[in-house]
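how does the following fold in three dimensions:
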Amino acid sequence: MANRFNFPINTSLGMPPSSGNRLNFRSCEPKPTPPGLPINVSSTGAHVSVGPNIPNIIQSGPHSVGAHAHANIPLHNNIPPGAGGGINYQHASGHSASVNVDHVKHCGTTVQADANARLHASTDGSATLNLGAGASRHGNGPIQKHVGLHFNKQL
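Model prediction:
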């Protein structure tokens, strides 16, 4: 039997809820477990980051949920190790949301949440108008907030 999830999504843009604002994963078909996790390895010169990236943990129609995790292995003695991960939601129409957590030994933990709403897209898809917002907090510090209106045009 397939898992049954139904998550309401509330918009803060003053728009009434619609059937498009509900995630209904009743039709999720079970996916076979992949033979191994897709592991990403990257280096900044200061550390090597290793961890899995799973883009489609749940996928139903235009809805997709993914996750990632990483461990930062220092390449120099004066750089502390760290770890983190996150989860993200994406809709085929351009809406998205994510929550990420990163911890660095002796430096603290940062939590970040972001959301993006596609307000308009041209009929040919070459131009989009998006509203993005988010917040982050490092340790017990103040919450840093941001809001942005983004216009993109492919030339």
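
how many other residues sit next to the closest residue to P62 other than its chain neighbours?
Using CB to CB, 6 or more residues apart in numbering and skipping the chain neighbours, the partner closest in space to P62 is A92 (3.6 Å). All C-beta spots, glycine's among them, are computed from the backbone N, C-alpha and C. By other CB atoms under 10 Å, 9 other residues sit near A92.

next one, pLDDT for A92 please.
As predicted, A92 sits at a pLDDT of 92.

can you report phi and psi for it?
phi -60, psi -20 (degrees, to the nearest 10).

so it is in contact with Q59, correct?
No - between A92 and Q59 there is no contact under CB atoms under 8 Å: 10.3 Å.

which residues sit in contact with G51?
I39, N40, H68, A69, H70, A71, G85 (CB atoms under 8 Å, 6 or more residues apart in numbering).

quickly note the distance from the closest residue in space to H68 that isn't next to it in sequence to I87.
Closest residue in space to H68, ignoring its immediate chain neighbours: N53 at 4.5 Å, by CB to CB, 6+ apart. Using CB to CB, to the nearest Å, N53 is found at 12 Å from I87.

who touches both of the two?
Shared contacts of N53 and I87, counting by CB under 8 Å, 6+ apart, come down to G66.

so, low pLDDT: which residues of this structure?
1-37 (pLDDT under 70).

run the last query once more with 50
1-34 (pLDDT under 50).

please enumerate the strands of it.
Shown for the chain, the strands assigned by DSSP state E span residues 6-8, 22-24, 39-43, 47-60, 63-74, 82-91, 96-104, 108-121, 127-138, 143-153.

which of the contacts of G51 tops the neighbour count?
That'd be H70 among the contacts of G51, by other CB under 10 Å, with 21 neighbours.

residues in contact with G148?
When contacts are counted by CB under 8 Å, 6+ apart, G148 touches L131, G132, A133.

before we move on, back to that, mind listing what the residue nearest to H68 touches?
Counting by CB under 8 Å, 6+ apart, N53 has contacts P38, N40, G66, H68.

what's around the third one, how many residues?
Other residues lying near G66 total 17 when counted by other CB under 10 Å.

you'd agree it is up against G86?
No - at 9.0 Å, G66 does not count as touching G86 under the criterion of CB under 8 Å.

quick one on the thing from earlier: out of the contacts of N53, which one sits closest to F151?
G66 (26.2 Å; CB to CB).
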